[in-house]
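J.: 3D model of this:
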Amino acid sequence: MIHRMFKIIFPCLLLVLFACSPTSQKKSSKTTTKQEASALTKKDHALFVAFILNLEKILWADKDFVKTDYKDNGGWQLIDKKGKYIIQSETNLTHYPNDSICSYELKVITIDNPLKNRENVDKTISIPFFMRGNRKSNIDLEFPYHPTKTMCYGETRHYFEFTESIIVNYRSAYNDEVFFTWDKKGIHRRDLDPKEDGFYRNETIWKRN
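T.: Numbering: from 1, shown residues only. The predicted model follows:
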């Protein structure tokens, strides 16, 4: 009888000892840490998605821009009422939800025109967002206006990316530079030369008769 009880109790004791051993506790601790990290990453990513949705909402509601029927790849487009800026995105998160989105890009086309851009009041659109711990921050998108004597075209790319521990990793870069000018001889185009890094090329695109 005692022998049979020993056979039953001994394996149970081993299981208890193993569960209480430092090695077992370390494994359990690592599993808990990974689960906590995963939960935080999901929470941070949800905050990033909320930021993108808020960005679209604020830009679309701005009274200085008009939303058009631009549907390239399901994206959207805004036209500046003053004729200087065009904002485009190939992603429309509001109408096409995507929980796995980790990057978002805006293309801002700038068109300087001496006939229209006579204002000298800059515009800033502030996009607020929440970080971990309910802390609030914001990203400012700047749209400067200034009088100009020549016509100028340029593109700026604005990148909003999600990375661990950073809710919104924001950066912008000039995608290319294109300038149009005119004089008595015609209209001329000046842009970066793709064959010569850092150099410009000039081209007359229309000549006066």
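J.: if I pick the closest residue to Thr148 other than its chain neighbours, what's in contact with it?
T.: Taking Cβ to Cβ, 6 or more residues apart in numbering as the measure, Thr148 lies nearest to Asp112, with 4.4 Å between them; neighbours along the chain are not counted. Bear in mind the C-beta positions are built from the backbone N, C-alpha and C, glycine included. Residues near Asp112 by Cβ atoms under 8 Å, 6 or more residues apart in numbering: 84, 148, 150-153.
J.: Any idea what Asp112 is bridged to?
T.: As for beta bridges, Asp112 partners with Cys152 under DSSP bridges.
J.: Mind pulling up the pLDDT for it?
T.: Taken from the predicted model, the pLDDT recorded for Asp112 is 82.
J.: same deal with Asp44?
T.: 87.
J.: how about the helices in this structure?
T.: With DSSP state H as the definition, the chain shows helices at residue ranges 2-20, 22-61.
J.: Worst mean pLDDT among those?
T.: Of all these, helix 2-20 has the smallest average pLDDT, which comes to a mean of 47.
J.: Distance check, Ile166 against Ile111.
T.: Spatial separation of Ile166 from Ile111 under the definition Cβ to Cβ, to the nearest Å is 33 Å.
J.: hmm, back to that, how close does the residue nearest to Thr148 get to Asn54?
T.: Taking Cβ to Cβ, one finds Asp112 at 30 Å from Asn54.
J.: and Thr148, what is it in contact with?
T.: With contact set as Cβ under 8 Å, 6+ apart, Thr148 has these partners: 112-114, 117.
J.: Recalculate using a threshold of 10 Å.
T.: Thr148 makes contact with 84, 112-118, according to Cβ atoms under 10 Å, 6 or more residues apart in numbering.
J.: Next, count neighbours for the residue nearest to Gly75 when sequence neighbours are not counted.
T.: Sequence neighbours aside, Glu90 is the residue nearest to Gly75 in space, at 4.1 Å (criterion: Cβ to Cβ, 6+ apart). Residues lying near Glu90 (other Cβ atoms under 10 Å) number 14.
J.: ok, now Arg135?
T.: Using other Cβ under 10 Å as the criterion, the residues surrounding Arg135 number 9.
J.: That one and Phe51: what is the separation?
T.: Counting by Cβ to Cβ, the gap from Arg135 to Phe51 is 13 Å.
J.: any common contacting residues for these two?
T.: Counting by Cβ under 10 Å, 6+ apart, the residues touching both Arg135 and Phe51 are 129, 167.
J.: Tyr96 against Gly75, yeah?
T.: Yes - look at Tyr96 against Gly75 with Cβ atoms under 10 Å: they come within range, at 9.5 Å.
J.: higher neighbour count, the two?
T.: Gly75 (16 against 10).
J.: And the pLDDT at that one?
T.: Confidence per residue is given as pLDDT, and for Gly75 that number is 91.
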